[in-house]
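>>> just coords:
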Ligand SMILES: Cc1ncc(COP(=O)(O)O)c(C=O)c1O
């Protein structure tokens, strides 16, 4: 019998999740945004419940949740959305900081932003895979806009000291994005307590379906939409991006 052990890459969907989803694929396939008939209103109510549950898991309010197709999209929305919003409001800060051990879904949007005028600092990690907090403190300059550090590493599983990182970011007025795709559902994460402004997660890493994820956003964090023409997540395609 085959024993599947590659759960960091993707988890099987929990049968309870499949059962909870089933009616929404078959019996009620209405568009929750239509709002013109009862099936649509029921679908919208189910989406609201799902949003509240995701928010609760991260100790946030429902309004914080922007549903995406996965963590890759959430990371791109967070990084490119913050950078573009800063440009649009004339914020002079452009600096970005991240770790060499981040997932490509962070490193590649960061590299794209670097090519488009946002200076990037990629910090090495220590021999144990952990961030060097002193080095981080030195890298967060007055012109730094955003730091992105993952919660749990997808290769070696190391857990970064999020609370200390968040405290440093708050002290310096730097936005803190955390790719928590490998941590949500495995370790408790209260975004506010940890000082995290933006957090990415992925359904298929925590026994949910493939093709769903979320970006959670602390109120007041401005994001420019990266998908145009979809109002269902309030124009990010997400909840009002500019002033929540
Ligand atoms: C840390 C991390 N971030 C992002 C991703 C991308 O997630 P998704 O497949 O939901 O786009 C992964 C998946 O391997 C991951 O491990």
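Perfect, I can see it now. These figures come from a predicted structure and were not determined experimentally. Numbers count the residues shown, from 1 in each chain.
>>> Enumerate the residues of the protein near the ligand.
70, 71, 72, 103, 105, 150, 154, 179, 181, 182, 202, 213 (CB under 6 Å from any ligand atom). Glycine gets a C-beta too; all of them are placed from N, C-alpha and C.
>>> Residues contacting the helix or strand containing residue 177, please?
Using DSSP states H and E, residue 177 maps to strand 175-179. Identification of contacts with strand 175-179 by CB atoms under 8 Å, 6 or more residues apart in numbering yields 71, 75, 78-79, 82, 102-103, 105-106, 145-151, 162, 165-166, 169-170, 194-200, 221.
>>> Now render the residues of the chain next to the ligand as JSON lines, adding neighbour count, secondary structure and pLDDT.
JSON lines is the format used below for the residues of the chain next to the ligand (neighbours: other CB atoms under 10 Å; DSSP: H, G, I helix; E, B strand; the rest coil; pLDDT from 0 to 100):
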{"residue": "70", "neighbour count": "20", "secondary structure": "coil", "pLDDT": "98"}
{"residue": "71", "neighbour count": "29", "secondary structure": "helix", "pLDDT": "98"}
{"residue": "72", "neighbour count": "20", "secondary structure": "helix", "pLDDT": "98"}
{"residue": "103", "neighbour count": "19", "secondary structure": "coil", "pLDDT": "98"}
{"residue": "105", "neighbour count": "22", "secondary structure": "helix", "pLDDT": "98"}
{"residue": "150", "neighbour count": "28", "secondary structure": "coil", "pLDDT": "98"}
{"residue": "154", "neighbour count": "18", "secondary structure": "coil", "pLDDT": "96"}
{"residue": "179", "neighbour count": "29", "secondary structure": "strand", "pLDDT": "98"}
{"residue": "181", "neighbour count": "28", "secondary structure": "coil", "pLDDT": "98"}
{"residue": "182", "neighbour count": "24", "secondary structure": "coil", "pLDDT": "98"}
{"residue": "202", "neighbour count": "28", "secondary structure": "strand", "pLDDT": "98"}
{"residue": "213", "neighbour count": "25", "secondary structure": "strand", "pLDDT": "98"}
